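Trainee: Attaching a predicted model along with its sequence, questions to come.
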2 protein chains.
Amino acid sequence: MAAELTLPADDALQPGALVAGPLYVEVKKRVMRSLMDGEWLQSSPIPSEAQLAQRYAVSVGTVRKAIGELVAERVLVRQPGRGTFVASHNRDYMLEAFFHIVDERGHKEFPASRLLTFRHGRADELSARFLRLAKDRRVFQFENLLHLQGRPVIFDRIRVPQAVFPDFDEGVFRQRDMTIFGLYQARYGVTVTRLEEWIRAANADDRVARLLVIKDDAAVLRIDRVAYTFDGTPVEFRERFVDTRSHAYLNALGMKKS
Amino acid sequence: MAAELTLPADDALQPGALVAGPLYVEVKKRVMRSLMDGEWLQSSPIPSEAQLAQRYAVSVGTVRKAIGELVAERVLVRQPGRGTFVASHNRDYMLEAFFHIVDERGHKEFPASRLLTFRHGRADELSARFLRLAKDRRVFQFENLLHLQGRPVIFDRIRVPQAVFPDFDEGVFRQRDMTIFGLYQARYGVTVTRLEEWIRAANADDRVARLLVIKDDAAVLRIDRVAYTFDGTPVEFRERFVDTRSHAYLNALGMKKS
DNA sequence: TTCGATTTGTTCGTATGTATT
DNA sequence: TAATACATACGAACAAATCGA
């Protein structure tokens, strides 16, 4: 009989197969693996639930449970009648999922971004720790000033490992017409699914004070933020300074659906 | 035949009943109503899924979907083999669900609490706005100093409406052997399910500086926090000041299960 | 210790509804 | 209109955890 040379590996789960936990967890893992391997592009839907059920030889309900968890984790997005897609880091998604700075009334606004500096360098102590890199590995470092309501409110110092974004470049960054995470996703196949933000109060140094147009030593929010992919690899470290005189970091716990 | 005199109203959903959206949403609403009305005590399990299915005349799967959402919103907790319970605000739950202050290594610790002041008063502008009260409604105000690793790190100024906690009292507060939210729940049937935290940088005033043992005007985290019940009623407003020299507010987005 | 009853967890299959193309 | 895909709802069976007799 003919060998199926170039088809994806047969993922069928045999009835007696030795899967440790529940079946849907195994299905979830395999879906994640396909995601990481880039088998499914970000622009088109992943296979339908019926197709996945056939591929893994499980019921549709089991696939739905697996997909449902990935949707809850904001890795996938379901669209009734259309299909299921990899979450795309467009502006709306970014605002809703990852951006927490609001004005006095609690309203969010997409920030206007201005690149200040861009340089090649090596990981310092702080970024090496957060990015889990050896101390002197190559990184790109760039600084970004974000405006809200026409005024500078947020100053970002960002570091990303060269190993993850090989041909990263000032031109690449400036010419993007999407969010930074959108660029990571579209150009490097790196989808950020998890953030960790360490928030402290700090005093603005000369540079931060000048950029945010506040007094020297003024109290600012300092946020050390790490972004992770599917598999838990840290892909970006960001030091963020926020002028909270007319803005705040809003965190809502135990979200309301109804 | 004998009338079932004291049983709860017949909640059966007739096949042709006019429910606006999906059935499981209607079931969820009714379960929440029973929760708010205090029909199910916090110490014993709510009716089993099979019983609820019968009560509402829907399938077990539909009940499971409704309960599942309430579990995701941390209102209920499922325990295999035992039953489903109202989330109890014990120390572990509080730490895991609502407490975000960690040490340098990211570890959480249950804070030691010391009550500083307790008085009757009337809502000022800020608390009236956050608690959605008229300006001069009666409130209880108390101040609490929290220690971590033996040192004062957090200073709380808390205000709660007298209307919600009628017989609140310094003695009641001091004699509790549980978390503050646990007290709200056990004594007043008020279960907090949602928080909103507005985080800013501020300078410590005299009092805050003295209590946290830091320099006058030192940069501290200031958190304005509102706690809500099931039905969206705000029940507590808390101004919190945090010394972030050796601690941080840690926010993790897009949580990791596996 | 064992056993049986209860409760939630997982998996299957099927049918129907709704949204999109 | 028809086909496709996700959403809802039902029912059934077995597994795993818990608890008390």
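Mentor: Perfect, I can see it now. Numbers count the residues shown, from 1 in each chain, chains lettered A, B, ... in the order given.
Trainee: Point out the residues in chain A that sit beside chain B.
Mentor: A:25, A:28-29, A:69, A:72-74, A:97-98, A:100, A:193-203, A:219-222, A:224, A:232, A:242, A:244, A:248-258 (C-beta under 8 Å from any C-beta of the partner chain). Every residue, glycine included, has its C-beta placed from N, CA and C.
Trainee: Show me the subset of these that also lies near DNA strand C.
Mentor: Applying C-beta under 7 Å from any atom of the strand, the subset of the residues of chain A next to chain B adjacent to DNA strand C comprises A:Val25.
Trainee: and the residues of chain A next to chain B, which of them are in helices?
Mentor: Applying DSSP state H to the residues of chain A next to chain B, the entries found in helices are A:25, A:28-29, A:69, A:72, A:97-98.
Trainee: is it true that A:Arg157 touches A:Leu145?
Mentor: No: at 10.5 Å, A:Arg157 does not count as touching A:Leu145 under the criterion of C-beta atoms under 8 Å.
Trainee: Show me the beta-bridge partners of the spatially most central residue of chain A.
Mentor: Centroid check for chain A by C-alpha atoms, centre = their mean gives A:Val192 as the closest residue, at 2.2 Å. Listed beta-bridge partners, A:Val192: A:Thr229 (assigned using DSSP bridges).
Trainee: what sits against it?
Mentor: Listed by C-beta atoms under 8 Å, 6 or more residues apart in numbering or on different chains, the contact partners of A:Val192 are A:89, A:98, A:181, A:184-185, A:227-229, A:235-236.
Trainee: Who wins on neighbours among the residues you listed?
Mentor: Neighbour tally across the contacts of A:Val192 (other C-beta atoms under 10 Å in any protein chain shown): the maximum, 27 neighbours, falls on A:Ala227.
Trainee: Sketch out the low-pLDDT regions of chain A for me.
Mentor: Chain A contains residues with pLDDT under 70 at A:1-10, A:12-19, A:255-258.
Trainee: if you go through it in chain order, where are the strands?
Mentor: A:76-79, A:83-86, A:101-103, A:112-122, A:138-148, A:151-161, A:192-203, A:219-229, A:234-242, A:247-253 (DSSP state E).
Trainee: List the contacts of the fourth one.
Mentor: Residues from elsewhere that reach strand A:112-122, judged by C-beta under 8 Å, 6+ apart: A:135-148, A:159, A:162, A:170, A:173-174, A:211.
Trainee: Counting neighbours, which of the residues you listed end up buried?
Mentor: A:139-146, A:148, A:159, A:162, A:173, A:211 (16 or more other C-beta atoms under 10 Å in any protein chain shown).
Trainee: now the strands of chain A in JSON lines, with distance to B:Phe130?
Mentor: Shown next, in JSON lines, are these (distance: least, C-beta to C-beta, whole Å):
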{"stretch": "strand A:76-79", "distance to B:Phe130": "34"}
{"stretch": "strand A:83-86", "distance to B:Phe130": "39"}
{"stretch": "strand A:101-103", "distance to B:Phe130": "15"}
{"stretch": "strand A:112-122", "distance to B:Phe130": "30"}
{"stretch": "strand A:138-148", "distance to B:Phe130": "23"}
{"stretch": "strand A:151-161", "distance to B:Phe130": "23"}
{"stretch": "strand A:192-203", "distance to B:Phe130": "21"}
{"stretch": "strand A:219-229", "distance to B:Phe130": "20"}
{"stretch": "strand A:234-242", "distance to B:Phe130": "21"}
{"stretch": "strand A:247-253", "distance to B:Phe130": "13"}
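Trainee: re earlier: wait, which of the contacts of A:Val192 is closest to B:Leu126?
Mentor: Nearest to B:Leu126 out of these is A:Phe98 (C-beta to C-beta; 28.8 Å).
Trainee: what about A:Thr62, distance to DNA strand D?
Mentor: A:Thr62 sits 11 Å away from DNA strand D, going by C-beta to the nearest atom of the strand, to the nearest Å.
Trainee: Could you pull up the contacting residues of the nearest residue to that residue once chain neighbours are set aside?
Mentor: In space, and not counting its chain neighbours, A:Thr62 is closest to A:Tyr24: 4.9 Å by C-beta to C-beta, 6 or more residues apart in numbering or on different chains. With contacts defined as C-beta under 8 Å, 6+ apart, A:Tyr24 is in contact with A:58, A:62-63, A:65-66, A:69.
Trainee: can you put those in JSON lines and add distance to A:Gln51 and neighbour count?
Mentor: Shown next, in JSON lines, are the contacts of A:Tyr24 (distance: C-beta to C-beta, whole Å; neighbours: other C-beta atoms under 10 Å in any protein chain shown):
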{"residue": "A:Val58", "distance to A:Gln51": "12", "neighbour count": "19"}
{"residue": "A:Thr62", "distance to A:Gln51": "14", "neighbour count": "22"}
{"residue": "A:Val63", "distance to A:Gln51": "9", "neighbour count": "26"}
{"residue": "A:Lys65", "distance to A:Gln51": "16", "neighbour count": "17"}
{"residue": "A:Ala66", "distance to A:Gln51": "14", "neighbour count": "26"}
{"residue": "A:Glu69", "distance to A:Gln51": "19", "neighbour count": "18"}
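Trainee: Take these and keep only those in helices.
Mentor: A:62-63, A:65-66, A:69.
Trainee: Distance to A:Leu115 for those - can I get that in JSON lines?
Mentor: JSON lines is the format used below for the ones in helices among the contacts of A:Tyr24 (distance: C-beta to C-beta, whole Å):
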{"residue": "A:Thr62", "distance to A:Leu115": "47"}
{"residue": "A:Val63", "distance to A:Leu115": "43"}
{"residue": "A:Lys65", "distance to A:Leu115": "43"}
{"residue": "A:Ala66", "distance to A:Leu115": "40"}
{"residue": "A:Glu69", "distance to A:Leu115": "37"}
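Trainee: follow-up on the earlier one: who wins for most neighbours among the ones in helices among the residues of chain A next to chain B?
Mentor: In terms of neighbours by other C-beta under 10 Å, those top out with A:Lys28 at 23 neighbours.
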